[in-house]
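Peer 1: Need coordinates for the below:
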Amino acid sequence: QLQLVESGGDLVQPGGSLSLSCAASGFTFDNYNIAWFRQAPGKEREGVSCINGGGSAHYADAVTGRFTVSRDNAKNTVYLQMNNLEPEDTAVYYCAAERYGSSCFFFYSSGMDIWGKGTLVTVSS
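Peer 2: Model (predicted):
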């Protein structure tokens, strides 16, 4: 069964840090591009970061300089380190996998092949 499971969501104060994990199973992980998306209450889902199988990453403008994505192919896991969090970062964070194409790079959610169920990040004092 192809599966992605996110973890690490929590309540954190503005300016704080949080690390999310996305654990994959049931497929050859290092052949897939992995994206993080987020969806805030009442808003559309938006792309946050994308990392390809070789480890090259890019980010949405809103998180550049604050978030860092990495992957450990031996552990079938992608990480999202979030620093200097802002209330606007409050959202459910999802990871998604893409086998071929450019959906990850362009944050095109409809083109992603596998999705996790999400983990909630709340930034509030």
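Peer 1: CA only for contacts and neighbour counts going forward, please
Peer 2: Will do.
Peer 1: Verify the stated contact: Ser125 with Gln13.
Peer 2: Yes - assessed by Cα atoms under 8 Å, Ser125 is found in contact with Gln13 at 5.0 Å.
Peer 1: give me every residue that touches Ala96.
Peer 2: Residues in contact with Ala96 (Cα atoms under 8 Å, 6 or more residues apart in numbering) are Leu4, Ile34, Ala35, Trp36, Phe37, Met112, Asp113, Ile114, Trp115, Gly116.
Peer 1: er, Tyr32 actually
Peer 2: Per Cα under 8 Å, 6+ apart, neighbours of Tyr32: Asn52, Gly53, Ala97, Glu98, Arg99, Tyr100.
Peer 1: Near the fifth one, how many other residues are there?
Peer 2: When counting by other Cα atoms under 10 Å, one arrives at 21 neighbours for Arg99.
Peer 1: Can you give me the separation between the closest residue to it other than its chain neighbours and Ala97?
Peer 2: Closest residue in space to Arg99, ignoring its immediate chain neighbours: Tyr32 at 4.7 Å, by Cα to Cα, 6 or more residues apart in numbering. Noted for Tyr32: a distance of 6 Å to Ala97, by Cα to Cα, to the nearest Å.
Peer 1: Look at the residue nearest to Arg99 and report its pLDDT.
Peer 2: Tyr32 carries a pLDDT value of 94.
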